[in-house]
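**Q** make a model of this:
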Amino acid sequence: MSTHKREIHGVVVKRSGDKTASVLVTRQVLHPKYHKTVKRFKKYLVHDEKNELNVGDTVVAIECRPLSKTKSFRLKKIVATGVK
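**A** Residues are numbered from 1 along each chain as shown. Okay, here's the model as predicted:
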C-alpha cells in the first residue's frame, strides 16, 4: 500500500455545510494544439474539523480516507487568510 498522500493547494470558494469547505484548485497545462498555457480548474470538498476556514483563504489539504461520498481531503494548514 502506498504511503504517499496527495496534497492540493487552493482557495476556499464556499463554506459547504458543517465542517466542510469547497476549495478551488488551479493548474496550468500546455494546450496540445496551440502550445499555449491554459488554466484548468477543479473543486474539492475539504474536511475542516474546527470550522476555521473562511471564503478567500488559501489552504493546503491532504488526501485521506473517504469521509463521505465526495469528501476525501482534510485540511493540513492555512497558508493565507482571505479578505474580510
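**Q** can you pull up the most central residue in the chain?
**A** residue 23 (3.8 Å; Cα atoms, centre = their mean).
**Q** which ones are touching that residue?
**A** 8, 10-13, 43-46, 59, 61, 73 (Cβ atoms under 8 Å, 6 or more residues apart in numbering). Glycine gets a C-beta too; all of them are placed from N, C-alpha and C.
**Q** what's the helix or strand for it?
**A** Element membership of residue 23, judged by DSSP states H and E, is strand 20-30.
**Q** list the buried residues of the helix or strand following that strand.
**A** Counting by DSSP H and E, the next helix or strand C-terminal to strand 20-30 is strand 37-47. Residues 44-47 are the ones in strand 37-47 that count as buried (16 or more other Cβ atoms under 10 Å).
**Q** which stretches of this protein have low pLDDT?
**A** 1-2, 84 (pLDDT under 70).
**Q** swap the cut-off to 90 and go again
**A** The chain contains residues with pLDDT under 90 at 1-5, 16-17, 82-84.
**Q** once you drop chain neighbours, what's closest to residue 55?
**A** residue 12 (5.5 Å; Cβ to Cβ, 6 or more residues apart in numbering).
**Q** brilliant, that's me finished.
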